[in-house]
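Q: no FASTA, just this:
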């Protein structure tokens, strides 16, 4: 017999959700796996012009992001796309992707991950935001322990790592 356990209702705003700084980005965790019984997580992000991760993959979760303001140029599975306000990007797990915030203003987006879990990489590798605004530029050096941990863990990995692009299956 399969027992289905539902999550509890959650209502949270960016003003009371955990806010974190990592990679010059303000991350606001609106819903985590504990809130959704592991089903999904939602993270609001504010990213300065020029910021963005190197090519990477998420081996165990699908990602979607919805652009509220600003613009990013993304390379998703080898295809370059420009995403502005009202645009949605969907990244199935194991899809190599990268992006850079382009344009002239901060990129504000919502990221959705299913199943939940990626938010734990943010919470575990970042520092609490002192204010609900972008962190000071260059706060995290690319070779700092928290950045190295962030880009080499269960939830996210550089695309250059041999194991990062393996196709995982549920047996």
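A: That came through, no problem. Bear in mind that the values here come from a model prediction, so they are computed numbers and not experimental data.
Q: Got the phi and psi for the residue nearest the centre of the chain?
A: Nearest residue to the geometric centre of the chain (C-alpha atoms, centre = their mean): residue 111, 5.9 Å. The phi and psi values for residue 111, taken as degrees, to the nearest 10, are phi -110, psi 140.
Q: residue contacts, it?
A: Counting by C-beta atoms under 8 Å, 6 or more residues apart in numbering, residue 111 touches 42, 43, 44, 45, 63, 64, 65. The C-beta positions use only the backbone N, C-alpha and C, and glycine is treated the same way.
Q: Check what pLDDT it gets.
A: Looking at residue 111, its pLDDT is 96.
Q: The protein: strands as residue ranges?
A: 19-22, 25-31, 41-47, 56-57, 62-69, 71-76, 79-83, 88-91, 97-102, 107-114, 127-128, 157-158 (DSSP state E).
Q: Mean confidence (pLDDT) on the helix ranked longest in the chain, please.
A: When the chain is parsed with DSSP state H, its longest helix is helix 118-125. The pLDDT scores in helix 118-125 average 88.
Q: same check, this time on stretch 133-141
A: Stretch 133-141 comes out at a mean pLDDT of 88.
Q: which parts of that stretch are buried?
A: 134, 135, 140 (16 or more other C-beta atoms under 10 Å).
Q: Now for the residue nearest to the second one when sequence neighbours are not counted: which residues touch it?
A: The reference is to residue 135. Nearest residue to residue 135, sequence neighbours excluded (C-beta to C-beta, 6 or more residues apart in numbering): residue 21, at 3.7 Å. Contact partners of residue 21, counting by C-beta under 8 Å, 6+ apart, are 27, 126, 127, 128, 129, 130, 135, 139, 140.
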